[in-house]
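Chemist: give me coordinates for this.
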Amino acid sequence: MPHITGIRTHSTIDTAAQNSRLNGVTTIMASKKLLGLTAATAALVLGLTACGNGDGDNGGDGGSGEAGEEFNFGILYPQTGALAFLGPPQITAAEYAISEINAAGGILGTEVPDITQGDEAGDAAQANEAANDLVSAGVNAVIGAAASGMTQATYDTITAAETVQCSGSNTAPDLTDIDDGGYYFRTAPSDLMSGPVMARKMTDDGHFDIAIVARADDYGDGYLKAVEAELDAIGANVVATESYDPDATNFDSVINGITSEDPDAIALISFEEGAQVIAEFIEAGVEGDQLYITDGLNNPDLGETVNEDDPEVVNGMTGVAPGADNPDFNEGLREFDPELDVFQFAPQVFDCVTAIALAAESAGSVNAADYVEHLPEISRPEGTECTSFEECRDLLSDGEEINFQGTSGNIDFDDNGDPTSATFEIFHFGDDGYETLGYEEYSAEE
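Modeler: Residues are numbered from 1 along each chain as shown. So this is what the prediction gives:
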């Protein structure tokens, strides 16, 4: 059964300090979904075929194979659109991971070139065009998309070309069962994990008559159902649920439908458009400490977006987002890019890049059809724990199996390419500004 461990609390953190904090799987992937390589799609993937899987039959060279062929990463992330504020941590984390890999000698002894970029833009057609460009460029793996809806629009283009795709921020539950041929992974937890953490935080704060408002898309629908199911399970009363068109310009009907039920608290599952929903709730008399928000609104500058003249209107609001209780990583990321001020999903994106690099090392090949089966293997619990590319690579060189521990926490990819455990940040807007209240760990046990 799923379980949540207790919150690891921190003392009050000022904005600058917070910015430095933000941020059973033993089967081969062939048991996940049928893997194959057709001649037509093989031409789209730059790779070489080599022996070795990190279990000692590679001659002790860590799957080093024939050095010389570059591993090219592509990234599909929001340079523009409603989630553009999440773009900088995505690209910075990917570039940081590549810099660490290159400092350790590159993938299979060859330096990784600059990442090839594509803009998902919050638009399905544009995202798919960018995905086609990445595949045509012959990248060996795609990091992203950032938004779950954009992955729904692009995964078939990417995975049908037998290119590995790994997102550090996709959370929609529906992505677990997509027909990806075994080539899609994510290091961000499904909303089936996030929802229970949100529900328990609200009830722990003494709220038991709760309303839920969500944007009408894969992200909102899945998250809403997860929160509602957990609230029902722990005996809370869900007094109302409302979904809205994220492209709407007026939310009066949603606000009226919710406030008429007089809830103790309201869970708001949204992206950037949620700032307007918050503004209308506050205008209708809802207090900040009644509002609970999700990762799509995890932005230190949210108050200014809601009300530029009075940004403190958001004081009292609490949120839940995938995070990482890993100050060392965030310190390193800040040194890598001192201008970065939003860290949401950066650890998870870093872990996508590093996990893929380790899978290539384990397989001794940059070819996705070769290394994809090694992605779950490099994270399995019976291996030797390691935390960096260099440390894990050296263990593979010694013929050892490894259990890669990501910067975001333990990953342990399951048969669907999902992580089986996750760390969540509890963030808050208080009198001293944006702060982290603590972290909760969630895992799904059989």
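Chemist: I143 in helix, strand or coil?
Modeler: strand (DSSP: H, G, I helix; E, B strand; the rest coil).
Chemist: my read: it touches T354, true?
Modeler: No: between I143 and T354 there is no contact under C-beta atoms under 8 Å: 10.9 Å. Any C-beta I mention is one placed from the backbone N, CA and C, and that applies to glycine too.
Chemist: which one's more surrounded, these two?
Modeler: I143 (29 against 24; other C-beta atoms under 10 Å).
Chemist: bridge partners for the more buried one, pull those for me.
Modeler: I75, C166 (DSSP bridges).
Chemist: centroid-nearest residue for the protein?
Modeler: Closest residue to the average C-alpha location of the chain: S169 at 2.4 Å, with C-alpha atoms, centre = their mean.
Chemist: residues contacting that one?
Modeler: 86, 90, 144, 146-147, 188, 295, 322, 344-345, 348-349 (C-beta atoms under 8 Å, 6 or more residues apart in numbering).
Chemist: the longest strand along the chain pairs with which strands, parallel or anti?
Modeler: Longest strand in the chain by number of residues (criterion: DSSP state E): strand 433-444. With DSSP bridges as the test, strand 433-444 is paired with strand 2-4 (antiparallel), strand 8-9 (antiparallel), strand 421-430 (antiparallel).
Chemist: so how far is the last one from its chain's centroid?
Modeler: Using C-alpha atoms, centre = their mean, to the nearest Å, the distance from the centre of strand 421-430 to the centre of the chain it belongs to is 14 Å.
Chemist: check stretch 316-334 too.
Modeler: Counting by C-alpha atoms, centre = their mean, stretch 316-334 is centred 13 Å from the centre of its parent chain.
Chemist: what of stretch 124-139?
Modeler: For stretch 124-139 - counting by C-alpha atoms, centre = their mean - the centre lies 20 Å from the chain centre.
Chemist: avg pLDDT for it?
Modeler: Throughout stretch 124-139, pLDDT has a mean value of 97.
Chemist: what does that stretch contact?
Modeler: Under C-beta under 8 Å, 6+ apart, the answer for stretch 124-139 is 44-46, 72-74, 76, 116, 118-121, 142, 145, 149-150, 152-154, 157-158, 161, 163.
Chemist: okay, buried residues for that stretch please.
Modeler: The neighbour-count check on stretch 124-139 (16 or more other C-beta atoms under 10 Å) flags 126-131, 133-135, 138-139 as buried.
Chemist: do the same with stretch 316-324
Modeler: By neighbour count on 16+ other C-beta under 10 Å, the buried set for stretch 316-324 is 317-324.
Chemist: what separation is there between T157 and G118?
Modeler: 11 Å (C-beta to C-beta, to the nearest Å).
Chemist: and the next element down the chain from the helix or strand hosting L396?
Modeler: Here L396 is covered by helix 389-397, with elements defined by DSSP states H and E. Using DSSP H and E, the helix or strand that follows helix 389-397 towards the C-terminus is strand 402-406.
Chemist: what packs against that next one?
Modeler: helix 346-363, strand 384-386, helix 389-397 (3 or more C-beta pairs under 8 Å, 6 or more residues apart in numbering; DSSP states H and E).
Chemist: can I have the first one written out in PDB, keeping just the CAs?
Modeler: Which is helix 346-363. Output in PDB follows, covering the C-alpha atoms of helix 346-363 (Å, rounded to 0.1, in the frame of the first residue of the first chain):
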ATOM      1  CA  ALA A 346      15.700  20.800 -12.000                       C
ATOM      2  CA  PRO A 347      16.800  17.700  -9.900                       C
ATOM      3  CA  GLN A 348      14.400  15.400 -11.900                       C
ATOM      4  CA  VAL A 349      15.700  16.700 -15.300                       C
ATOM      5  CA  PHE A 350      19.300  16.300 -14.100                       C
ATOM      6  CA  ASP A 351      18.400  12.700 -13.200                       C
ATOM      7  CA  CYS A 352      17.000  12.000 -16.600                       C
ATOM      8  CA  VAL A 353      20.200  13.000 -18.300                       C
ATOM      9  CA  THR A 354      22.400  11.100 -15.900                       C
ATOM     10  CA  ALA A 355      20.300   7.900 -15.900                       C
ATOM     11  CA  ILE A 356      20.400   7.800 -19.700                       C
ATOM     12  CA  ALA A 357      24.100   8.300 -19.700                       C
ATOM     13  CA  LEU A 358      24.600   5.500 -17.300                       C
ATOM     14  CA  ALA A 359      22.400   3.200 -19.300                       C
ATOM     15  CA  ALA A 360      24.600   3.900 -22.400                       C
ATOM     16  CA  GLU A 361      27.700   3.100 -20.300                       C
ATOM     17  CA  SER A 362      26.100  -0.100 -19.100                       C
ATOM     18  CA  ALA A 363      25.100  -1.100 -22.600                       C
END
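Chemist: tell me the buried residues in it?
Modeler: Per 16+ other C-beta under 10 Å, helix 346-363 contains these buried residues: 346-363.
Chemist: got it, and the shortest one?
Modeler: For strand 384-386, the neighbour count (16+ other C-beta under 10 Å) marks C386 as buried.
Chemist: contacts for that strand?
Modeler: Taking C-beta under 8 Å, 6+ apart as the rule, strand 384-386 contacts 392, 395, 400-405.
Chemist: pull up the pairing partners for it, direction included.
Modeler: In the sheet, strand 384-386 lines up against strand 402-406 (parallel) (DSSP bridges).
Chemist: OK, contacts around the closest residue to N307 other than its chain neighbours?
Modeler: Sequence neighbours aside, V313 is the residue nearest to N307 in space, at 4.8 Å (criterion: C-beta to C-beta, 6 or more residues apart in numbering). With contacts defined as C-beta under 8 Å, 6+ apart, V313 is in contact with 279, 282, 288, 303, 306-307.
Chemist: can you do 6 Å?
Modeler: 282, 306-307 (C-beta atoms under 6 Å, 6 or more residues apart in numbering).
Chemist: now it: phi and psi?
Modeler: Dihedral angles of V313 (phi, psi; degrees, to the nearest 10) stand at phi -60, psi -20.
Chemist: per-residue pLDDT of it, please?
Modeler: V313 is assigned a predicted lDDT (pLDDT) of 96.
Chemist: same deal with A16?
Modeler: Residue-level pLDDT assigned to A16 equals 35.
Chemist: burial count for G257?
Modeler: Quick note: G257 (other C-beta under 10 Å) scores 16 neighbours.
Chemist: and what of P338?
Modeler: Other residues close to P338 by other C-beta under 10 Å number 8.
Chemist: any idea how far G332 is from it?
Modeler: Taken as C-beta to C-beta, the span from P338 to G332 is 12 Å.
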